[in-house]
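1. fold the following, please.
(chains A and B)
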Amino acid sequence: MYLGVDIGSSSSKAVILNQDAKKIGEAILNIGTGSNGPQEVIGQALFQAGLQREAIRRTVVTGYGRMTFTSADRQITEISCHAKGVHFVMPNARTVIDIGGQDAKVICLDQSGNVGNFIMNEKCAAGTGRFLEVMARVLNCKLEDLSGLADRGDNGVTISSTCTVFAESEVISQLSMGQRIEDVALGAHCSIAQRIVGLCNRVNIVPEVVITGGVALNRNAVHCISEELKLPISRPDDPQGMGALGAALYALEFDKER
Amino acid sequence: MEEVKTSKQMLGELLDKHYSDALEAKKNGQLVAWATSISPQELLTTMGIHTVYPENHAAAIGARKCAPEFISHSKGNGYSVDICSYARVNLAYMELLHSEAGDIPKPDLIFCCNNICNTVIKWYENIAKELNIPMIVFDLPFNHEYEVSKQDVRYIKGQFLEAIQKLEEITGRKFDYDKFGEVMKISSETSVWWKKAAMKAMTKPSPLNGFDLFNYMATIVCMRGTTEGMDLFKLWYEQLCEKEAKGLGPWKPGEEEKYRVMWDGIACWPYLGPTYKTLRKYGINMVTSTYPDSWYIVYEQNDLDGMARAYSSNYVNRNLDFGVDNITKLVKDYQLDGIVYHSNRSCKLMDFRQFEVQRRVEANTGVPSVIFDGDQTDPSAFSLAQFETRIQALVEMMEKRKQMAGEK
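-> The predicted structure follows:
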């Protein structure tokens, strides 16, 4: 059995595959690197698969926390793992937009799923999941309710600050000027979409475009990005698990190479 | 390896001497100039004016992790975080006048050439005004055409001649044209040896560890017009030839040079060690950068037109087409597997065209590349974890291309 672990900045993901690359265990926890999330998520995935740790032949780890997870056979970047996972479930994908807790990246794939090129956000958290987390807090709603709140907005309020911290102050000032909370929420989604499309414009975007990462769970954000990009965007059933799936596929591949 | 140590030792000794001579000169009442890194130092050297280079000094302060104190002082003086961090460090140094990284004397004269950027004009002008000292400016217009135009050569040459007059006024001494000829000859020859040594990295594996370019750069900036400088680069070249003849690579014997990359932009001085170690961990040798050509300022002796053209030909002063051709050629000449672009918060001039250079070079060569965020001296603009993720992803792309090339 083959284990892929993706340790992000705000969540941990694990996928277990059998030798036929069939998924037999999977878990996601909303705590990331530096916590007990990685160990717990592996335990949950093993439980789901009905396996003991010893049954795992190879492990590959990816994500921001990969360097500190020492029990894996190999560690591979989230860029290669997301590409691998997406190509496996959606072989027609040529562009992957992955938006995680603190990273946003656009990955260009060739027909075989190899990474041709990729670009990532700058050091700051603008255009990442962290931005939406901050917005949810300011708007006093749960992160999972933010999308629905924005759906009820009519005119998105313009949020011009690139910096997440400044954007927070800007939103507070908009709310104090009497803007509707729904319109501010919509504005926040438009803002992240503009940031992401700005990143996309630096590479040659080829359809099919697939979105992954935690932000892909936010339907309003996906809709705004698609509108801004003027292209349809597909979403795998499990957008958060693509990195872990890719890592598990690498684990399977390495075992075959031996 | 004894010999390598000698070349490095000589480098250290020369730099120590460079700084102590300048401090001594100041103490004895002699004139000291502060000059930009690619300025026509030939004029100052001919006049026997001790010259130090604030950019180099700021880089040393950054590398020794002493920059935050200066950056914070400049912030207090009202200099925004968006201004070049070399400028912020140096403008603070002008007031504080001491750093554990080493000291330079206060200037009596400012010598500023804008072939490297336009920030230097305002930065050095501020120094001149604050200290109430003369400033000699060389305005080398950006080359929107591929080559340096004839009228620009005339314009620049005129400025050289005017600067000579001004130097005569400031020092009260006559300019010695015979000595000028000699200095011109030495400066060109030093540049040639610098480039010859750097070009040794074309051999595979490279006998040169490319991060040494960052170390030796200090001498090509500070001592280009001196025979000591020329001797150092000759020695470095000879030692690299010996290593090359023995088939030795950049690091310890047995440590394989797996990938060869180019570094675009200035070093990330506060993280010089961590960036170097990260690359080396993956078997990446940074074999070249845009530095070797930056100080390849070569022209015929007594040819002021050639000298004007050479100073204006620095790559950051040339157009996008040249920038792209230049890197495309480096990819071929140095057999590069990848390119690392430093998106340097301080250097708007280099960042301005970086995305487009990257896009065109990739279209020309197919070689993969990554961009990382950093700064030349401000440590707050860099994240080692993010740097490593980008480098590792570059390795994965380079490895895949090697596999695919092997399968063909």
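
2. pLDDT score for the most centrally placed residue in chain A?
-> Residue closest to the average C-alpha location in chain A (Cα atoms, centre = their mean): A:Gly213, at 1.3 Å. pLDDT, A:Gly213: 93.

3. phi, psi for it please.
-> Dihedral angles of A:Gly213 (phi, psi; degrees, to the nearest 10) stand at phi 90, psi 170.

4. do stretch A:61-72 and chain B come into contact?
-> Yes: legend: contact between stretch A:61-72 and chain B by Cβ under 8 Å from any Cβ of the partner chain is shown at A:Tyr64, A:Met67. C-beta: built from backbone N, CA, C; applies to glycine.

5. mean confidence score for that stretch?
-> For stretch A:61-72, mean pLDDT rounds to 92.

6. buried residues of that stretch, list them for me.
-> Across stretch A:61-72, burial judged by 16 or more other Cβ atoms under 10 Å in any protein chain shown covers A:Val61, A:Thr62, A:Gly63, A:Tyr64, A:Gly65, A:Arg66, A:Phe69, A:Ala72.

7. cool, stretch B:173-193 as well?
-> Within stretch B:173-193, the residues scored as buried using 16+ other Cβ under 10 Å are B:175, B:180, B:182-193.

8. could you do stretch B:91-107 as well?
-> Residues of stretch B:91-107 classed as buried: B:Leu91, B:Ala92, B:Tyr93, B:Met94, B:Ser99, B:Ala101, B:Gly102, B:Asp103, B:Ile104, B:Pro105, B:Pro107 (neighbour count, 16+ other Cβ under 10 Å).

9. which of these sits closest to A:Ser10?
-> B:Ala92 (38.0 Å; Cβ to Cβ).

10. which element is residue 236 on?
-> Picking chain A for this. Here A:Pro236 sits in a region with no helix or strand, counting by DSSP states H and E.

11. chain B was what I was after
-> Using DSSP H and E, B:Trp236 sits in helix B:227-245.

12. contact partners of that helix?
-> Residues from elsewhere that reach helix B:227-245 (Cβ atoms under 8 Å, 6 or more residues apart in numbering or on different chains): B:3-4, B:6-7, B:10-11, B:14, B:17, B:186, B:189-190, B:193-194, B:196-197, B:200, B:203, B:207-208, B:216, B:219-220, B:222-223.

13. quick one on the thing from earlier: list the residues that contact the residue nearest to the centre of chain A.
-> Contacts for A:Gly213 were tallied using Cβ under 8 Å, 6+ apart; they are A:His82, A:Asp98, A:Ile99, A:Gly100, A:Gly129, A:Pro239, A:Gln240, A:Met242.

14. put the alpha carbons of stretch B:232-243 into PDB.
-> Output of stretch B:232-243 as PDB, limited to C-alpha atoms (Å, rounded to 0.1, in the frame of the first residue of the first chain):
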ATOM      1  CA  LEU B 232      44.400  38.500  -8.300                       C
ATOM      2  CA  PHE B 233      42.200  37.600 -11.300                       C
ATOM      3  CA  LYS B 234      45.200  36.200 -13.200                       C
ATOM      4  CA  LEU B 235      46.000  34.000 -10.200                       C
ATOM      5  CA  TRP B 236      42.300  32.900  -9.800                       C
ATOM      6  CA  TYR B 237      42.200  32.100 -13.500                       C
ATOM      7  CA  GLU B 238      45.400  30.000 -13.300                       C
ATOM      8  CA  GLN B 239      44.100  28.100 -10.300                       C
ATOM      9  CA  LEU B 240      40.900  27.400 -12.100                       C
ATOM     10  CA  CYS B 241      42.800  26.100 -15.100                       C
ATOM     11  CA  GLU B 242      44.700  23.700 -12.800                       C
ATOM     12  CA  LYS B 243      41.500  22.400 -11.300                       C
END
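
15. buried residues, that stretch. List them.
-> In stretch B:232-243, counting by 16+ other Cβ under 10 Å, buried: B:Leu232, B:Phe233, B:Lys234, B:Leu235, B:Trp236, B:Tyr237, B:Gln239, B:Leu240, B:Lys243.

16. JSON lines please, covering these and showing pLDDT.
-> Shown next, in JSON lines, are those (pLDDT from 0 to 100):
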{"residue": "B:Leu232", "pLDDT": "94"}
{"residue": "B:Phe233", "pLDDT": "95"}
{"residue": "B:Lys234", "pLDDT": "95"}
{"residue": "B:Leu235", "pLDDT": "94"}
{"residue": "B:Trp236", "pLDDT": "95"}
{"residue": "B:Tyr237", "pLDDT": "96"}
{"residue": "B:Gln239", "pLDDT": "94"}
{"residue": "B:Leu240", "pLDDT": "96"}
{"residue": "B:Lys243", "pLDDT": "95"}
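
17. ok, so of the residues you listed, who is nearest A:Lys230?
-> Lowest distance from A:Lys230 to the buried residues of stretch B:232-243 (Cβ to Cβ) belongs to B:Leu240, with 53.7 Å.

18. secondary structure class for the closest residue to A:Ser112 other than its chain neighbours?
-> Of all residues not flanking A:Ser112 in the chain, A:His87 sits nearest, at 7.8 Å (Cβ to Cβ, 6 or more residues apart in numbering or on different chains). Of the three states, A:His87 takes helix under DSSP: H, G, I helix; E, B strand; the rest coil.

19. residues of the stretch 101-250 of chain A that sit close to chain B?
-> Residues of the stretch 101-250 of chain A lying near chain B by Cβ under 8 Å from any Cβ: A:Asn114, A:Val115, A:Asn117, A:Phe118, A:Ile119, A:Met120, A:Glu122, A:Lys123, A:Arg202.

20. please, a ChimeraX command that selects the buried ones among those residues?
-> A single ChimeraX command selects the buried members of those (16+ other Cβ under 10 Å):
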select /A:114,115,117,118,119,120,122,123
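
21. from the residues of the stretch 101-250 of chain A next to chain B, which land in strands?
-> Members of those lying in strands (criterion: DSSP state E): A:Val115, A:Asn117, A:Phe118, A:Ile119, A:Met120.

22. how near is the last one to B:Thr46?
-> Spelled out, it's A:Met120. 49 Å (Cβ to Cβ, to the nearest Å).

23. what element comes up after the least confident helix or strand in chain A by mean pLDDT heading to the C-terminus?
-> The helix or strand of chain A with the poorest confidence is helix A:164-176; it has a mean of 86 (mean pLDDT, DSSP states H and E). Toward the C-terminus, helix A:164-176 is succeeded by helix A:181-200 as the next helix or strand (DSSP H and E).

24. count of neighbours near A:Ala216?
-> Neighbours of A:Ala216 under the rule other Cβ atoms under 10 Å in any protein chain shown: 24.

25. before we move on, the earlier item: go through the buried residues of stretch B:173-193 and name the one nearest chain A.
-> When these are compared for distance to chain A (Cβ to the nearest Cβ), B:Ser191 wins out at 35.9 Å.

26. shouldn't the closest one be in contact with B:Trp295?
-> Yes: because the distance of 5.9 Å satisfies Cβ atoms under 8 Å, B:Ser191 is recorded as touching B:Trp295.

27. between those two, which contacts overlap?
-> Residues touching both B:Ser191 and B:Trp295 (Cβ under 8 Å, 6+ apart) are B:Ile220, B:Arg224.

28. check which helix or strand B:Met42 maps to.
-> If you look again at residue B:42, you'll see it is Glu, not Met. Applying DSSP H and E as the criterion places B:Glu42 in helix B:41-47.

29. and that helix, what does it pack against?
-> Contact partners of helix B:41-47 among helices and strands, from 3 or more Cβ pairs under 8 Å, 6 or more residues apart in numbering or on different chains; DSSP states H and E: strand B:32-35, strand B:50-52, helix B:150-171, helix B:177-198.
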